[in-house]
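Asks: Generate a structure from the sequence data that follows.
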Amino acid sequence: MTPWMQHPSHASQFASATHITRNKVSQVEDRNGLTVWKFTLPVTKSSKASGKGKSVQCAHQEGPIDPIAALENHFHINAVTPEEHLFTWMHSSKKHCPLSKREFTNKINKLAELFNLPNLKGHSLHIRGTLEYLLQGVPFNVIQSQGRWASGAFTLYLCKHAMILAPYLQASPALEPFTRYTQPPIC
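Replies: Purely as a prediction, here's the structure:
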């Protein structure tokens, strides 16, 4: 799953006022019949001062890394009740436990090691997700909105990725119509 979900630092620190619960997940359909899953976060890093949460969305994706298929599988395996943390899981003691930040990080690190990937932290997961969307051709402004970035500062992290820049740096850019839309002319 994506790292934008709030996880308690320790399982005992779960509170529905600050952590997402199953009943804060819904499906929304647009007028064209396209479905997205909406996650209402009670609190985010940038909304703590206002006391207002934010909503984030995602949809089914092609291939083996479909967040909705993974979430539905989680619901099937762990039988999460509406009031429990969204990522509650069945501990070996047969007791439901909310997924803590520590457990999440440990699992990500084990998977990274298993697949010979660099050590992944929450922020780098966010950036890697952004990179994936850009490689799929999603415009910067859509990614900025989806990632809840208030400024364009996130693009500083992406300048190092030749894979993103390659289509723009060619003598005859492969994405010419797209480039004109996303990069206004220089005056």
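
Asks: number of nearby residues for E84?
Replies: 20 (other C-beta atoms under 10 Å). (Glycine included, C-beta is placed from N, CA and C.)

Asks: so it makes contact with T21?
Replies: Yes: applying C-beta atoms under 8 Å, one finds E84 in contact with T21, separated by 6.3 Å.

Asks: And for the residue nearest to F14 when sequence neighbours are not counted, the neighbour number?
Replies: Of all residues not flanking F14 in the chain, P98 sits nearest, at 4.1 Å (C-beta to C-beta, 6 or more residues apart in numbering). Residues near P98, counting by other C-beta under 10 Å, number 22.

Asks: how close does P98 sit to Q13?
Replies: Separation of P98 from Q13 (C-beta to C-beta, to the nearest Å) stands at 8 Å.

Asks: Equivalent analysis for S55, please.
Replies: Relative to Q13, and taking C-beta to C-beta, S55 is found at 23 Å.

Asks: and what of P64?
Replies: P64 is 33 Å from Q13, where distance means C-beta to C-beta.

Asks: Who has more neighbours out of those two?
Replies: Q13 (13 against 7).

Asks: confidence score at the more buried one?
Replies: Looking at Q13, its pLDDT stands at 72.

Asks: same deal with I68?
Replies: Reading off the model, I68 has pLDDT 93.

Asks: quick one: it and A59 touch, right?
Replies: Yes: applying C-beta under 8 Å, one finds I68 in contact with A59, separated by 6.9 Å.

Asks: related to what we said a few turns ago, what is the residue nearest to F14 paired to in the beta sheet?
Replies: For P98, the beta-bridge partners under DSSP bridges are T88.

Asks: any idea how far it lies from G152?
Replies: For P98, the distance to G152 equals 34 Å [C-beta to C-beta].

Asks: do E62 as well
Replies: Applying C-beta to C-beta to E62 and G152 gives a distance of 28 Å.

Asks: Counting neighbours around each, name which of the two comes out higher.
Replies: Shown here are E62 and G152; by other C-beta under 10 Å, G152 has more neighbours (10 against 7).
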